[in-house]
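Student: Need coordinates for the following:
(one chain, ligands or ions: 2)
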Amino acid sequence: MKQQGAVQPVTRELRAWIAAQTALGHPRAAICQALLDAGWQHAAASRALRLTPEAMSSLVVPVDTPAVPPVLAVPSVAPADSGVLVDAGDKWVEVLQRLEHPGLVVLGHLLSAGECEALVEAARPRLSRSLTVDTQTGGEERNRDRTSQGMFFTRGENAVVRRVEARIARLLNWPVQKGEGLQVLRYREGAQYKPHYDYFDPAEPGTANLLQRGGQRVATLVMYLQEPQEGGATVFPDIGLQVAPRRGHAVFFSYGCAHPCSLTLHGGDPVTVGEKWIATKWLREREFV
Ligand SMILES: O=C(O)CCC(=O)C(=O)O
Ligand SMILES: [Fe+2]
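Tutor: Ligands and ions are numbered 1, 2, ... in the order given. Here you go, the predicted model:
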């Protein structure tokens with residue numbers, strides 16, 4: 001494993017640039033990506049965003065703004081009675097790290113090695129270049145911010161999918177029906193998923209269509225099926241967190257408010273050596289149809 005270099009310093013010029021971009025109305029995700037494209041490390045970009053007051057104020061929702069999205073009920077991982085283990089029905093899962101805002105939990109040993117392999121092998125022949133939701137129409141589009149390959153299982157499609165879905169439902173206390181089908185993504189060397197939010201932006205014209213299938217997305221569970229040798233962390237620039245992609249482990253986070261103040265900006269860092277495979281489960285407000 002390569003030694004990580006020292007984190008680049010946050011200079012006054014850098015903060016001034018971030019403040020100017022914020023004043024011009026550029027979204028947080030775009031400013032973060034511009035920093036990464038210019039060669040700033042994730043840790044430095046996160047720190048710079050957090051140390052620039054103008055950029056932090058973009059996370060605050062004015063109380064009487066009519067466009068403030070409602071605060072929705074969200075799934076959560078129940079506090080562990082026994083310290084680190086939570087009951088997920090057919091097995092106990094480790095809580096490795098927990099954060100209150102955003103609601104975020106890093107989970108250990110959610111999936112067995114056999115389950116990870118079974119999902120990878122069932123997904124492999126069905127992969128195609130990943131699409132993302134087209135925010136204009138509510139349809140799907142090829143997106144250059146997402147250079148992975150992917151596929152969706154339908155809910156309950158096979159025995160492993162059913163077992164994993166039942167475990168997730170129990171762990172998060174959120175019925176299987178209120179979740180999308182599992183999505184599997186494969187990132188080869190160089191592939192990444194640039195910083196984004198998983199909720200549907202209320203300001204985008206395609207959102208009304210997307211909400212018809214089960215309301216907002218309110219939480220995400222990213223499960224690591226295969227770890228790369230280097231790179232591929234899941235990063236959360238607003239909170240300066242990087243989650244290492246370890247096989248069988250997962251990161252869960254929720255966002256009851258479809259707004260940057262959810263602090264759930266996140267992305268998949270480029271894979272530098274090897275291949276990363278994940279399965280993502282998005283939880284919805286209502287039954288997903
Ligand atoms: O690849 C990752 O670590 C993040 C994936 C992700 O953000 C997503 O599937 O929505
Ligand atoms: Fe995401």
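
Student: make it CA atoms for all contacts and neighbour counts henceforth
Tutor: Noted.

Student: can you pull up the bridge partners for the residue of the stretch 101-250 of the chain at minimum distance from ligand 1?
Tutor: For the stretch 101-250 of the chain, the residue closest to ligand 1 is T234, as judged by C-alpha to the nearest ligand atom, at 3.8 Å. Beta bridges link T234 to V243, G268 when assigned by DSSP bridges.

Student: Was I right to think it contacts H266?
Tutor: Yes - here T234 reaches H266: they are 6.9 Å apart, a contact under C-alpha atoms under 8 Å.

Student: Let me see the contact set for the residue of the stretch 101-250 of the chain closest to ligand 1.
Tutor: Q242, V243, A244, P245, H266, G267, G268, D269 (C-alpha atoms under 8 Å, 6 or more residues apart in numbering).

Student: Same check on G232?
Tutor: Going by C-alpha under 8 Å, 6+ apart, the list of residues near G232 reads Q192, A244, P245, G268, D269, P270, V271, T272, K276.

Student: Secondary structure element holding M151?
Tutor: Element membership for M151, per DSSP states H and E: strand 149-152.

Student: For that strand, which strands pair with it and how are they oriented?
Tutor: When DSSP bridges is applied, strand 149-152 pairs with strand 128-129 (antiparallel), strand 183-187 (antiparallel).

Student: anything in it near ligand 1?
Tutor: No - using C-alpha under 6 Å from any ligand atom, strand 149-152 stays clear of ligand 1, with a minimum separation of 9.7 Å.

Student: Toward the C-terminus from that strand, list the very next helix or strand.
Tutor: helix 159-172.

Student: Which secondary structure elements does that following helix sit against?
Tutor: strand 85-87, helix 113-123 (3 or more C-alpha pairs under 8 Å, 6 or more residues apart in numbering; DSSP states H and E).

Student: Compute the first-to-last residue distance for stretch 94-104.
Tutor: From its first residue to its last, stretch 94-104 covers 14 Å (C-alpha to C-alpha, to the nearest Å).

Student: tell me the contacts of T52?
Tutor: R15, A16, I18, A19.

Student: and those residues, which of them are in helices?
Tutor: R15, A16, I18, A19 (DSSP state H).

Student: can you count the residues close to the second one?
Tutor: Residue neighbour count, defined by other C-alpha atoms under 10 Å, stands at 13 for A16.

Student: The one 5 residues further on too?
Tutor: Summarising burial for Q21: neighbours were counted as other C-alpha under 10 Å, giving 17.

Student: mind checking the backbone torsions on it?
Tutor: Main-chain dihedrals, Q21, degrees, to the nearest 10: phi -60, psi -40.

Student: per-residue confidence for it?
Tutor: Note for Q21: predicted pLDDT of 95.

Student: Could you tell me how far the strand holding M151 lies from the centre of the chain?
Tutor: Relative to its parent chain, strand 149-152 has a centroid offset of 16 Å by C-alpha atoms, centre = their mean, to the nearest Å.

Student: now that we have the contacts of G232, which one has the most neighbours?
Tutor: That'd be K276 among those, by other C-alpha under 10 Å, with 30 neighbours.

Student: Hmm, that one is touching E227, no?
Tutor: Yes - counting by C-alpha under 8 Å, K276 does reach E227; the two are 5.1 Å apart.

Student: Report the set of residues contacting both of these two.
Tutor: P245.

Student: for ligand 1, what are the nearby residues on the stretch 1-150 of the chain?
Tutor: Residues of the stretch 1-150 of the chain found near ligand 1 (C-alpha under 6 Å from any ligand atom): none.

Student: Output the below-cut-off pLDDT ranges for the stretch 1-150 of the chain.
Tutor: Across the stretch 1-150 of the chain, the ranges flagged by pLDDT under 70 are 1-5, 65-68, 80-82, 130-145.
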